[in-house]
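**Q** model the following, please.
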Amino acid sequence: MDSSSFPVTRAEVYWYVFDKRSATAQEVALGTRMAKNTAQGHLAALEQIGILSSIGKPKLYRVQENFPEEYKIVLRELESLARSSWRLNGIEPV
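**A** Numbers count the residues shown, from 1 in each chain. Take a look at the predicted model:
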């Protein structure tokens, strides 16, 4: 997998949850200024591929400790782009 096939907004969601240690879809949406449905979609996709896990209702998402290395590489490559996107939108990185 390469970073061109991984959406930057999905990386933003990952890094938000990573920084906060855990977050709900509502918190991610508010913190990244994206629509709640968009945040939910990215969280669900990250959970489906084993990067995040969730508990409870509303779902509280956390980063899995051992997820596939290929995703770790892509997320590291996209980290600065995701954080730059926050700054451009007036969001202070966590």
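
**Q** the closest residue to Ile49 other than its chain neighbours - how many residues pack around it?
**A** What sits nearest to Ile49 in space, not counting adjacent residues and going by Cβ to Cβ, 6 or more residues apart in numbering, is Tyr71, at 6.8 Å. For every residue, glycine as well, the C-beta is placed using N, CA and C. Tyr71 has 17 neighbouring residues, counting by other Cβ atoms under 10 Å.

**Q** ok, Ile51 next?
**A** Residues lying near Ile51 (other Cβ under 10 Å) number 22.

**Q** one more: His42?
**A** Neighbour count of His42, defined by other Cβ under 10 Å: 24.

**Q** make sure it is actually in contact with Ala11.
**A** No - His42 is beyond contact range of Ala11, at 9.0 Å (criterion: Cβ atoms under 8 Å).

**Q** next one: Trp86 from Arg21, what distance?
**A** For Trp86, the distance to Arg21 (Cβ to Cβ, to the nearest Å) stands at 18 Å.

**Q** Thr38 is in contact with Ala29, isn't it?
**A** Yes - look at Thr38 against Ala29 with Cβ under 8 Å: they come within range, at 7.5 Å.

**Q** looking at the two, which is more packed in?
**A** More crowded of Thr38 and Ala29, by other Cβ under 10 Å: Ala29, with 20 against 16.

**Q** what's the first helix or strand after the helix or strand hosting the more buried one?
**A** Assessed by DSSP states H and E, Ala29 sits inside helix 25-32. Sequence-wise, the next helix or strand beyond helix 25-32 is helix 36-48, with elements assigned using DSSP H and E.
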